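Chemist: 3D model of this:
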Amino acid sequence: MHLRLRVVHPLAIVLALLLALPQATHAEEAPLATVTWDGGGDGTSWNDPLNWDTDTVPLAGDDVVITLDATFTVDLDINATVNTLTLGAVSGLNTQTLLIPSPRVLTVTSTMTVNSDGAVTWSGGSITGGGTVNNSGTFTLASTISKTLDGGSTFNNLAAGTIIWENGSFFVQSISTVTNAGLVDAQGNNNFDGNGFGPNTFSNSGTFRKSAGTGSTVFIADLTLENTRVMEALSGTIRLTGP
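Modeler: Residues are numbered from 1 along each chain as shown. Below is the predicted model:
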């Protein structure tokens, strides 16, 4: 009997072993990161990678933290998608502000938390993604450009939170909800509108106050209004339109 020997190249053995190992998923290869603002670049631009501790701009699905103990403004100068966003410290004398200009889109898939030292100046564009915004700081709706809460998102103005509605229509659409347990200060003559893609809801268990503007703040009929506390007009009128 003749024995036949087969010589196997060492590289073939290594390759076979590698193929036998469990294959890593994409998520395992590139795990989602926590990306924290350090202001090491221009100190303002979201899109400047040197402003983040990883020296990379946050990717879709990352957890973003903007709580540096200083007073500064972060300009959302690109459309951004995040898993979570934490803005502002919970105590201190400094203010950390996020500027959302038109036509920027901020997509939040989980939770956006605005702490007591956090502030948002929302001057246009939209917040979407189906996540939840929890505001304990100051949220200012600025400029005449409309703002939109979209994509089944929820905005909770908590008991410690303030919404200063300076100007521009506020659209709540695509089965989205705004709740208020703090203060909404309407300072102009603008519309609160469900925009026809609903149901969309504004639920007030705090204070909704029209403090300025001699005209009307109007709740459009396609927005469901639920009120259990204070709605008051110190100037002008608050008007509800029928179907």
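Chemist: what strands line up against the longest strand seen in the chain, and which way round?
Modeler: Ranked by number of residues, the top strand in the chain under DSSP state E is strand 105-114. The strands beside strand 105-114 in its sheet (DSSP bridges) come out as strand 80-87 (parallel), strand 125-128 (parallel), strand 132-135 (parallel).
Chemist: would you map the helices across this structure?
Modeler: Per DSSP state H, the chain carries helices over the ranges 10-20, 26-29.
Chemist: follow-up on the earlier one: out of the strands paired with strand 105-114, nearest to Gly40?
Modeler: Closest of the strands paired with strand 105-114 to Gly40 is strand 80-87, at 18.3 Å (criterion: Cβ to Cβ). Using the backbone N, CA and C atoms, a C-beta is placed for each residue, glycine as well.
Chemist: contacts for the closest one?
Modeler: Contacts made with strand 80-87 from outside it, assessed by Cβ atoms under 8 Å, 6 or more residues apart in numbering, are listed as 32, 46, 58, 60-67, 96, 98, 104-115, 118-120, 129, 137.
Chemist: now those: which count as buried?
Modeler: Judged by neighbour count, with 16 or more other Cβ atoms under 10 Å as the criterion, the buried members of these are 46, 58, 61-67, 96, 98, 104-109, 111-115, 118-120, 129, 137.
Chemist: for this structure, which spans come out with low pLDDT?
Modeler: Along the chain, the parts satisfying pLDDT under 70 run over 1-31, 196, 242-243.
Chemist: beta partners for Asp63?
Modeler: Beta-bridge pairing of Asp63 under DSSP bridges involves Thr34, Thr84.
Chemist: oh, that last question was meant for Ser216, not what I typed.
Modeler: Under DSSP bridges, the residues paired with Ser216 across the bridge are Thr237.
Chemist: could you check how far it is from Thr179?
Modeler: 23 Å (Cβ to Cβ, to the nearest Å).
Chemist: ok, Asn94 next?
Modeler: Counting by Cβ to Cβ, the gap from Asn94 to Thr179 is 28 Å.
Chemist: before we move on, the earlier item: with just CA atoms, put the longest strand of the chain into PDB.
Modeler: Output for strand 105-114, consisting of C-alpha atoms alone and laid out as PDB, is shown next (Å, rounded to 0.1, in the frame of the first residue of the first chain):
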ATOM      1  CA  VAL A 105     -32.700  69.100  10.600                       C
ATOM      2  CA  LEU A 106     -31.800  67.500  14.000                       C
ATOM      3  CA  THR A 107     -32.800  63.900  14.100                       C
ATOM      4  CA  VAL A 108     -33.100  62.400  17.600                       C
ATOM      5  CA  THR A 109     -33.800  58.600  17.700                       C
ATOM      6  CA  SER A 110     -33.900  58.200  21.500                       C
ATOM      7  CA  THR A 111     -33.700  61.200  23.900                       C
ATOM      8  CA  MET A 112     -32.600  64.800  23.900                       C
ATOM      9  CA  THR A 113     -32.100  66.200  27.400                       C
ATOM     10  CA  VAL A 114     -31.800  69.900  28.000                       C
END
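Chemist: what's in contact with that strand?
Modeler: With contact meaning Cβ under 8 Å, 6+ apart, strand 105-114 is reached by 60-61, 76, 79-88, 100, 120, 125-137, 139, 151, 153, 161.
Chemist: quick one: buried ones out of those residues?
Modeler: Buried by 16+ other Cβ under 10 Å: 61, 76, 80-88, 100, 120, 125-137, 139, 151, 153, 161, out of the contacts of strand 105-114.
Chemist: and the end-to-end length of stretch 138-156?
Modeler: 12 Å (Cα to Cα, to the nearest Å).
Chemist: how far off centre is stretch 121-139?
Modeler: 4 Å (Cα atoms, centre = their mean, to the nearest Å).
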